[in-house]
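Chemist: how would this look folded up:
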Amino acid sequence: MISSKSGTYQLSANRFTAIRILVNLSLLMCGLGFSHMAAACIDIVSAAPTVTEGGMVQIDVEYDPSAPGCQGPLMVSETVSVTYETVNNTALAGTDYIAVPSATLVFDEFNQFSSLPITLSTTNDLVPEPIETFDLVITGAVGPLGPLTIGNGSQAITIEDDDVPPAVETVQFDSGSVAASLAEGNSGTLQIEMTSGSASCELDVAISGGSATPGVDFTDIQIQGLVVLPSGVSIPIDALPDNIAESSEDYTIVLSPGVSGLTSFNACAIDTNATSTVTIIDDPPQIAEFTAASVSQTLSEGDQLGFTIAQTSGVGNCEVTISSGMGTATAGADFTPFTPITTLVPVGGLPISAGVTNLDGLVEGTETIIYVMEPGPGISFPACAVGPNDTVTIMLEDTLPLV
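Modeler: Below you'll find the predicted structure:
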């Protein structure tokens, strides 16, 4: 409605809108508008912000009435409403920042030529974590004549962590234990050292690969919850004797962080030397047999029975079993019965007495007494392998009675 000396007149809405546009154009031409021509009415104009967790960050939003289609400067009682919200990225609402599910920023005739701030708050936790981000997003803008265009409508906010990571205990095989060699039948230790940290920690130890067979060539290693002291810890290794001629074999031991929860200590971190390879060097097999002088004998009735066994290869004592064979002589009648025996064979050899032959006063032909050697049961010492001289054959000649 317009009043004058001539009276009061009612303007139509279209005519009022036209007058508003003319007023806005004249204001702009007089330099009251922005000096630039933006591509959109609403923009976030803040540089990418970074905030330390627990702090607040300000994002500035600008309304540019000079941009095409922005309806010009606001007049009395006119407003532009800008709605916005926060959106999770790697940062989570409620945990890392205070969410804004929906809010409105209002421009009016008084503040339209200034940017308006949006203040967002982050939360402070006690958990060490990497850098995280969340987004501020403008969801809509409406002016006096309807929706307005949005240019830069999204801004990422970066949250930097301020928590000090806990001390980490780092362990590895020391330089002298990364590789080891053992001859069959021997044992040793590997040393695990702590390379950083000052408290005990927990790790797991296991076998991972290799040409050697656990339980046959070496004692299997499966350790959960091994506690490593700041001064380090050692683990046992061995190479089992198998009395088999074979090439060198190996097995690999691997360290991993302890996750069994068997101790109250934190899991160790593993440094560079996470594996150790143990090479088993084959020993010559322990071979035993009858001596050459023992394998073939000729005795007369009444002579002593005996033979010598010797170790012809290998190192250390081993076991054999000796028993009577199927000769033509009769045990008890022609010679002392022989009960099978198991005996160790020292490296220097072992003579064995087997009794005597009997004078039976009978006229009979030559008879044979046989003794046989076999590998022992390996109870007290490893079983010997038996060489080719595994049989003693004694020719027992008859002693004629006096007439």
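
Chemist: Going by C-alpha atoms from here, please, whenever you check contacts or count neighbours.
Modeler: Will do.

Chemist: what's the helix or strand for Val363?
Modeler: Assigned by DSSP states H and E, Val363 belongs to no helix or strand.

Chemist: From the structure, what's the count of residues near it?
Modeler: 10 (other C-alpha atoms under 10 Å).

Chemist: Quick check: it vs Gly143, distance?
Modeler: Using C-alpha to C-alpha, to the nearest Å, we find Val363 at a distance of 140 Å from Gly143.

Chemist: mind checking the SS state of the spatially most central residue of the chain?
Modeler: Closest residue to the average C-alpha location of the chain: Ser256 at 4.6 Å, with C-alpha atoms, centre = their mean. Here Ser256 is recorded as strand under DSSP: H, G, I helix; E, B strand; the rest coil.

Chemist: residue contacts, it?
Modeler: Leu203, Asp204, Val205, Cys268, Ala269, Ile270, Ala274 (C-alpha atoms under 8 Å, 6 or more residues apart in numbering).

Chemist: Out of those, who's the most crowded?
Modeler: Cys268 (27 neighbours).

Chemist: isn't that one right next to Ser260, touching?
Modeler: No - contact criterion C-alpha atoms under 8 Å: Cys268 and Ser260 do not qualify, at 11.9 Å.

Chemist: hey, where'd the strands end up in the stretch 101-250 of the chain?
Modeler: 103-108, 116-121, 132-143, 146-147, 154-160, 170-173, 179-183, 187-196, 201-207, 222-228, 233-238, 249-257 (DSSP state E, counting those that start in this stretch).

Chemist: Show me the one of these that comes nearest Thr368.
Modeler: strand 179-183 (43.7 Å; C-alpha to C-alpha).

Chemist: what's the average pLDDT for that closest one?
Modeler: Averaging pLDDT along strand 179-183 gives 94.

Chemist: mind listing what's buried in it?
Modeler: Ala180, Ser181, Leu182, Ala183 (16 or more other C-alpha atoms under 10 Å).

Chemist: Tell me the one of those residues nearest Ala199?
Modeler: Ala180 (27.9 Å).

Chemist: Let me see the contact set for the closest one.
Modeler: Counted by C-alpha under 8 Å, 6+ apart, Ala180 has contacts Ser276, Thr277, Val278, Thr279.

Chemist: ok, so what distance separates it from Leu359?
Modeler: 63 Å.

Chemist: Adding distance to Cys41, write the strands of the stretch 101-250 of the chain out as JSON lines.
Modeler: Formatted as JSON lines, these follow (distance: least, C-alpha to C-alpha, whole Å):
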{"stretch": "strand 103-108", "distance to Cys41": "12"}
{"stretch": "strand 116-121", "distance to Cys41": "14"}
{"stretch": "strand 132-143", "distance to Cys41": "9"}
{"stretch": "strand 146-147", "distance to Cys41": "10"}
{"stretch": "strand 154-160", "distance to Cys41": "14"}
{"stretch": "strand 170-173", "distance to Cys41": "57"}
{"stretch": "strand 179-183", "distance to Cys41": "71"}
{"stretch": "strand 187-196", "distance to Cys41": "57"}
{"stretch": "strand 201-207", "distance to Cys41": "60"}
{"stretch": "strand 222-228", "distance to Cys41": "64"}
{"stretch": "strand 233-238", "distance to Cys41": "69"}
{"stretch": "strand 249-257", "distance to Cys41": "57"}
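
Chemist: Quick check: which of these is buried the most?
Modeler: With neighbours defined as mean count of other C-alpha atoms under 10 Å, these peak in mean count at strand 170-173, which reaches a mean of 26.

Chemist: Identify those among the contacts of Ala180 that sit within strands.
Modeler: Ser276, Thr277, Val278, Thr279 (DSSP state E).

Chemist: which of these tops the neighbour count?
Modeler: That'd be Val278 among the ones in strands among the contacts of Ala180, by other C-alpha under 10 Å, with 24 neighbours.

Chemist: wait, doesn't that residue sit right on Ala239?
Modeler: No - Val278 is beyond contact range of Ala239, at 9.1 Å (criterion: C-alpha under 8 Å).

Chemist: Touching both of the two, which residues are there?
Modeler: Leu182.

Chemist: Show me which of the contacts of Ala180 is closest to Met326.
Modeler: Thr279 (45.7 Å).
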